[in-house]
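Peer 1: coordinates for the following, if possible.
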Amino acid sequence: GTSRFLRTELEAVRARHDELVALLARLGVPVDEEHVPDWAADPVQVIWQVALASPLGSLDRQRLLSAPGSAERIGLLAGMIDEQIELVRSRLA
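Peer 2: From the prediction side, this is the model:
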């Protein structure tokens with residue numbers, strides 16, 4: 001069902017998020033210890049936790065808020081994290 005889909009998608013987002021955190025650490029950017037996602041929580045809540053823990057701008061956060069549902073939000077979030085990974089990689093190059 002929907003929950004299984006969200007869990008599967010969250011696993012992919014978790015790997016991306018972990019990669020982003022590791023890359024940011026290489027830049028000397030500290031991890032936001034206050035907003036560490038609880039990956040075992042309800043998938044809908046985890047989406048918001050990851051968004052809060054990720055270095056997203058206010059426009060990206062607004063896009064997430066405006067998404068019609070969790071499946072759309074997680075797809076947007078994955079894309080946003082991928083964009084951040086590319087930005088950080090270019091800064092490290």
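Peer 1: mind exporting the C-alpha coordinates of the helix or strand of the chain with the lowest mean pLDDT to PDB?
Peer 2: Lowest on mean pLDDT, DSSP states H and E among the helices and strands of the chain sits helix 43-53, with a mean of 89. The C-alpha trace of helix 43-53 is given here as PDB (Å, rounded to 0.1, in the frame of the first residue of the first chain):
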ATOM      1  CA  PRO A  43       6.700   8.000   7.000                       C
ATOM      2  CA  VAL A  44       4.700  11.200   6.700                       C
ATOM      3  CA  GLN A  45       6.400  12.700   9.700                       C
ATOM      4  CA  VAL A  46       9.900  11.600   8.500                       C
ATOM      5  CA  ILE A  47       9.400  13.500   5.300                       C
ATOM      6  CA  TRP A  48       9.000  16.700   7.300                       C
ATOM      7  CA  GLN A  49      11.900  15.800   9.600                       C
ATOM      8  CA  VAL A  50      14.200  15.200   6.700                       C
ATOM      9  CA  ALA A  51      13.100  18.500   5.100                       C
ATOM     10  CA  LEU A  52      13.800  20.300   8.300                       C
ATOM     11  CA  ALA A  53      17.200  18.600   8.700                       C
END
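Peer 1: quick check: which element contains residue 79?
Peer 2: Element membership of residue 79, judged by DSSP states H and E, is helix 70-92.
Peer 1: ok, residues contacting that helix?
Peer 2: 2, 5-6, 9-10, 12-13, 16-17, 19-20, 23-24, 26-27, 43-44, 47, 50-51, 54-56, 60, 63-64, 67 (CB atoms under 8 Å, 6 or more residues apart in numbering). C-beta here means a position set from N, CA and C on the backbone, and glycine is covered the same way.
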